[in-house]
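Novice: Based on what follows, work out the 3D shape:
(2 chains)
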Amino acid sequence: DAKTTQPPSMDCAEGRAANLPCNHSTISGNEYVYWYRQIHSQGPQYIIHGLKNNETNEMASLIITEDRKSSTLILPHATLRDTAVYYCIVRPSFSGNTPLVFGKGTRLSVIA
Amino acid sequence: EAQVTQNPRYLITVTGKKLTVTCSQNMNHEYMSWYRQDPGLGLRQIYYSMNVEVTDKGDVPEGYKVSRKEKRNFPLILESPSPNQTSLYFCASRVSAGRGSLSETQYFGPGTRLLVL
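Specialist: Numbering: from 1, shown residues only, chains lettered A, B, ... in the order given. I've put the predicted structure just below:
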C-alpha cells in the first residue's frame, strides 16, 4: 500500500469546517483513498473513500487533487463529537487478505 | 441496524484462565478479522477469516485461536492468557475481496478491553 503522510494534530472550532490533509504522493492508478476515524478507544469508523473524483456523503466530503498525490477530508460543520484520530489509508480495490494498516493519523480536537 | 457486536466489552482475568471473546455481525459479510490495539503499536491483525471454515493467521497470532462455524460469528479464544495479551481488541467485518472498492470498507466492533493479571 502507498505511504500516507498526515499532520499529527489539528484544532478546529466547533461549527467550523475541519479540513484534514493527507499526502499520498506514491499512490498508484488502482489505489483508492480511504478515510477512517477512531473516537477515543472506540472501534475505527469508516468515513468515505474515493478514487479520483470528489466524493460526498452524510458524514464528510473528500477532495482529491487532479494528480491524486494528496487529498483533503472535509467535515463541513465540526462538532465536539468529531474529536477523534483520523486515518488516511491508500489501498488498491483488491488487496486480498492484507490487513488495513492504520498509520499514526491526525488527532483532531474540536474546541467549543 | 448494521453492526458488529463484541462481548464482553471489559474483562479482567488471571493468567492461564481460558476465555472467549465473541464477535457477531449482521451484514452477511464473508470476511471477518480480529485486531489488537496497543499504545504506540497501532492496530495489528491477529487472525482473519475469508468465509465459513476458512481462517488464517494475521500478523500476531501467537496465543490466540479462532473458529468460523457460522458466517455471522467469529469468536477469539485465548486458551491460556498471559499478561502480554492485555490489550484492546477489535473485531471487524467486510464483504469479500473482489467486489471493488467496497471490499475495503471495514466495519469494526466497539472493542473489548482485556486485562490479564
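
Novice: Near residue 69, how many other residues are there?
Specialist: In the absence of a named chain, chain A is used. Counted by other CB atoms under 10 Å in any protein chain shown, the residues lying close to A:K69 total 13. In short, each C-beta sits where N, CA and C put it, glycine included.

Novice: looking at chain B here, not the other one
Specialist: Quick note: B:K69 (other CB under 10 Å) scores 9 neighbours.

Novice: Show the contacting residues for it.
Specialist: For B:K69, the contacting residues are B:52-53, by CB atoms under 8 Å, 6 or more residues apart in numbering or on different chains.

Novice: burial measure for the residue lying closest to A:P7 once chain neighbours are set aside, as a count.
Specialist: Spatial nearest neighbour of A:P7, chain neighbours left out: A:T106 (5.4 Å); criterion: CB to CB, 6 or more residues apart in numbering or on different chains. With neighbours defined by other CB under 10 Å, the count for A:T106 comes to 21.

Novice: And A:K52, how close does it get to chain B?
Specialist: Distance, A:K52 to chain B, by CB to the nearest CB, to the nearest Å: 12 Å.

Novice: so A:Q42 makes contact with B:G111?
Specialist: Yes - the criterion here is CB atoms under 8 Å, and A:Q42 meets it with B:G111 at 6.4 Å.

Novice: Neighbour count: the two, which is higher?
Specialist: B:G111 (21 against 15).

Novice: Next, give phi and psi for the more buried one.
Specialist: phi 100, psi 150 (degrees, to the nearest 10).

Novice: what sits opposite A:I63 in the beta ladder?
Specialist: Beta-bridge partners for A:I63, by DSSP bridges, are A:T72.

Novice: Can you report how many residues lie near it?
Specialist: A:I63 has 16 neighbours, counted by other CB under 10 Å.

Novice: Am I right that it is in contact with A:N54?
Specialist: Yes - using CB under 8 Å, A:I63 is in contact with A:N54, at 5.2 Å.
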